[in-house]
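Chemist: Okay, sequence plus prediction incoming.
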Amino acid sequence: MDIVYFDLETQRTANDVGGWDKKHEMGMSVGVTFSSAENKYEIFPESRVDDLIKRLQRADLVVGYNVIRFDYEVLMGYTVLSLPEQLRTLDLLVDIEKSAGHRLKLEDVAQGTLGVGKIAEGLDAIRWWREGRVLDVAEYCCFDVKVTKLVHEYAAANKELFFNDRFGRKQRLEIQWSA
C-alpha cells in the first residue's frame, strides 16, 4: 500500500486574495509528498503542480493535516478535478476535531504526542517565498510532512494522541486509524 503524506505552502495569504473563500487563488509555492512505498520525499515547485496532482492520484491513500479544507482547495486552482472526491484521503484534522470537539493545530498534537514542534509558521513560508528563499520553504514543508507522518504512525500504532489544552494540561484523544 502506498500511503502518500502531503502538504503544500502558498504564495499568498487569505488577505492577499480577498478572503478564505478564495483559497484557489492563493497559489502553491511548494508541495511536498512522502511515499511509504518508495520511502522518499518529493518536492514540487509550482511549475510541477500537474505532476503533484498526478502523484496524489496514484496514491492508495493521501494523508495530510487540513488537506481537504485547505491544500486541496489551493490545488483546485490548477485543475478541474474535485480533489476531495477524486482522492482517497485521511485528513488527520477531521478525525482529531471529531475526537476533541474542536480544531487543533498540528503543532499542538505533535508537541503533546511526540515532543516535537513545527520549525516555523505558514506566514513565515509566504515571507520566505516572497524573499526568494525557496529552499527554506521546501525544508519547512518537508518537516511538516514528516511531522504529519510521525503523528499518523503513532496514532495508528497506539490508537491515541495527546495535546496540551489551553490550561497546559495534557489531554488524550482516542484515535482509530490504521497504518
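Modeler: The structure has been received and is ready for your questions.

Chemist: which residues does residue 91 contact?
Modeler: When contacts are counted by CB atoms under 8 Å, 6 or more residues apart in numbering, residue 91 is found next to 64-69. Yep, even glycine has a C-beta here, placed from its N, CA and C like the rest.

Chemist: can you tell me how far it sits from residue 139?
Modeler: Distance, residue 91 to residue 139, using CB to CB, to the nearest Å: 24 Å.

Chemist: which strands and helices sit next to the helix or strand bottoming out on mean pLDDT in the chain?
Modeler: Between all helices and strands in the chain, the lowest mean by mean pLDDT, DSSP states H and E belongs to helix 122-130, at a mean of 91. When contacts are defined as 3 or more CB pairs under 8 Å, 6 or more residues apart in numbering; DSSP states H and E, helix 122-130 packs onto strand 3-10, strand 28-35, helix 134-158.

Chemist: right, and those - which one's nearest residue 117?
Modeler: Shortest distance between residue 117 and those, using CB to CB, is found for helix 134-158: 8.2 Å.

Chemist: following the closest one, which helix or strand comes up?
Modeler: Secondary structure here is assigned by DSSP states H and E; on that basis, the next helix or strand after helix 134-158 toward the C-terminus is strand 160-164.
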